[in-house]
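Peer 1: got a structure for you, letters missing:
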């Protein structure tokens with residue numbers, strides 16, 4: 001195996017934040033207008049197409065306020081074209097010229113997996129991708145937020161502002177728009193600085209593979225039994241109480257989806273758990289609980305009570321189990337009791353991954369997903385590998401990692417170390 005690259009913190013740009021960062025307060029070209037008509041969008045698309053180099057891209061959503069993950073503001077910047085702000089809501093069906101102009105380009109985003117799904121809903125897909133947040137992780141930076149990386153690499157201070165605001169509001173305040181424009185102001189410059197940093201560490205190919213993986217990944221698949229993620233659900237101990245949570249959760253989700261409002265703003269998790277615990281049998285008893293007596297909830301009292309009644313009417317055979325069924329290995333905390341040999345393998349594998357992470361200065365979770373490491377340790381059968389050579393063991397691990405979606409650079413780094421950790425008798 002070739003020597004793994006390591007970061008040299010004594011040279012280059014990776015020495016830490018600049019102590020005299022220059023505040024970046026307003027766009028260098030002034031704050032552009034927000035484009036919200038087909039004609040204006042088409043004109044901006046022509047400008048972007050006539051520009052040069054990569055395209056800085058960002059999108060603002062309304063997470064925590066809206067049910068959907070749609071983008072409520074699009075930001076672009078390209079050399080020769082300046083910054084473009086687009087309100088996609090009134091022009092959703094008129095973004096064809098924009099897609100034609102920008103889809104063939106390299107896009108530069110920070111934390112691309114957050115914005116790509118919403119952009120894809122609008123027909124916007126990059127031909128290639130550069131993710132400055134992921135580049136920071138691969139470079140071994142401890143802080144990888146946009147403001148931190150811009151300060152470290154460019155010596156500029158980006159003020160934290162309105163990222164968590166309700167971007168579905170209209171009109172958008174000028175201070176919000178200024179914040180949004182600054183998010184793409186130096187993104188291409190940051191991309192170039194990060195590319196140089198990764199090249200100096202010998203990690204360019206790693207980054208290229210990771211960026212392409214993110215570009216092609218698509219939106220995450222919905223997890224089964226999402227209602228089990230209700231906050232404080234662990235305080236409920238009976239299947240009947242969990243059934244009540246499930247019924248209330250699904251009713252809330254349907255209302256939230258129909259009205260495009262974040263579920264927690266329809267009914268907070270704490271109220272769902274309180275109702276499941278108290279099991280009220282009348283509207284009066286329901287309204288006596290916290291939240292349910294408020295003016296916004298009183299008109300839905302019958303809806304919530306009917307959900308509780310459905311849970312009470314379920315036969316025992318249809319109640320959810322208290323413990324969530326597993327489709328893979330159980331939580332690692334239970335391995336020592338259920339499968340002590342696998343627990344030993346996992347301990348050795350984690351130690352090997354930590355050592356490798358320290359050596360190449362990449363977070364463990366970016367070397368391999370923890371879930372993939374757990375599955376490998378749980379499914380490994382020592383008897384099937386008795387007498388195998390080190391090369392055979394490494395080939396087996398490499399094939400398992402490939403089947404689990406690991407990229408070539410990850411497999412090259414980790415297969416040998418994990419094979420040694422899994423080898424029969426290695427941990428005894």
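Peer 2: Thanks, I have it. As the structure is a computational prediction, the values presented were derived from the model and not from experiment. Numbers count the residues shown, from 1 in each chain.

Peer 1: now stretch 306-319: average pLDDT?
Peer 2: On average, the pLDDT along stretch 306-319 is 98.

Peer 1: equivalent analysis for stretch 38-48, please.
Peer 2: Computed over stretch 38-48, the mean pLDDT rounds to 98.

Peer 1: what's the burial count for residue 342?
Peer 2: The number of residues packed near residue 342 is 20, by other Cβ atoms under 10 Å. Bear in mind the C-beta positions are built from the backbone N, C-alpha and C, glycine included.

Peer 1: low-confidence ranges in this structure?
Peer 2: 1-19, 383, 425-428 (pLDDT under 70).

Peer 1: which parts of it are strands?
Peer 2: Assigned by DSSP state E, the chain shows strands spanning 22-24, 34-35, 52-60, 73-79, 82-86, 106-109, 128-131, 156-158.

Peer 1: what strands line up against the shortest one, and which way round?
Peer 2: The one in question is strand 34-35. strand 82-86 (parallel) (DSSP bridges).

Peer 1: buried ones in the strand it pairs with, by neighbour count?
Peer 2: Buried residues in strand 82-86, defined by neighbour count with 16 or more other Cβ atoms under 10 Å: 82, 83, 84, 85, 86.

Peer 1: what's the answer for stretch 168-176, then?
Peer 2: Neighbour-count burial for stretch 168-176, counted by 16+ other Cβ under 10 Å, picks out 168, 172, 176.

Peer 1: on that earlier part again, just so I know, which of the strands of the chain lies nearest residue 374?
Peer 2: strand 128-131 (25.6 Å; Cβ to Cβ).

Peer 1: so what strands line up beside that closest one?
Peer 2: With DSSP bridges as the test, strand 128-131 pairs up with strand 106-109 (parallel).

Peer 1: circling back: so which of the strands of the chain is nearest residue 398?
Peer 2: Closest among the strands of the chain, using Cβ to Cβ: strand 128-131, at 25.7 Å.

Peer 1: can you give me the helices in the stretch 51-200 of the chain?
Peer 2: 96-102, 112-121, 132-138, 146-154, 174-185, 187-200 (DSSP state H, counting those that start in this stretch).

Peer 1: now for the longest one, which elements pack on it?
Peer 2: The reference is to helix 187-200. Applying 3 or more Cβ pairs under 8 Å, 6 or more residues apart in numbering; DSSP states H and E, we find helix 187-200 packed against strand 52-60, strand 73-79, strand 106-109, strand 128-131, helix 132-138, helix 146-154, helix 204-217.

Peer 1: same thing but 7 Å
Peer 2: Counting contacts by 3 or more Cβ pairs under 7 Å, 6 or more residues apart in numbering; DSSP states H and E, helix 187-200 packs against strand 52-60, strand 106-109, helix 132-138, helix 146-154.

Peer 1: swap in the third one?
Peer 2: Counting contacts by 3+ Cβ pairs under 7 Å, 6+ apart, helix 132-138 is packed against helix 187-200, helix 204-217.

Peer 1: what is the neighbour count of residue 216?
Peer 2: Neighbours of residue 216 using other Cβ under 10 Å come to 10.

Peer 1: ok, now the one 4 residues further on?
Peer 2: Burial of residue 220 is recorded as 8 neighbouring residues (other Cβ under 10 Å).

Peer 1: and it, how close does it get to residue 230?
Peer 2: 19 Å (Cβ to Cβ, to the nearest Å).

Peer 1: for residue 403, which of the strands of the chain is the nearest?
Peer 2: Going by Cβ to Cβ, the one of these nearest residue 403 is strand 128-131, 24.5 Å.

Peer 1: which residues does the residue nearest to residue 87 when sequence neighbours are not counted contact?
Peer 2: Nearest residue to residue 87 in three dimensions, chain neighbours excluded: residue 36, at 4.2 Å (Cβ to Cβ, 6 or more residues apart in numbering). Neighbouring residues of residue 36 by Cβ atoms under 7 Å, 6 or more residues apart in numbering: 87, 90, 91.

Peer 1: may I see the PyMOL selection of the buried members of those residues?
Peer 2: Buried residues among the contacts of residue 36 (16+ other Cβ under 10 Å), as a PyMOL selection:
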select buried, resi 87+91
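
Peer 1: so which residues of the stretch 201-350 of the chain form helices?
Peer 2: Counting by DSSP H, counting those that start in this stretch, the helices of the stretch 201-350 of the chain are 204-217, 239-259, 263-266, 269-278, 283-287, 295-298, 301-313, 335-338, 340-360.
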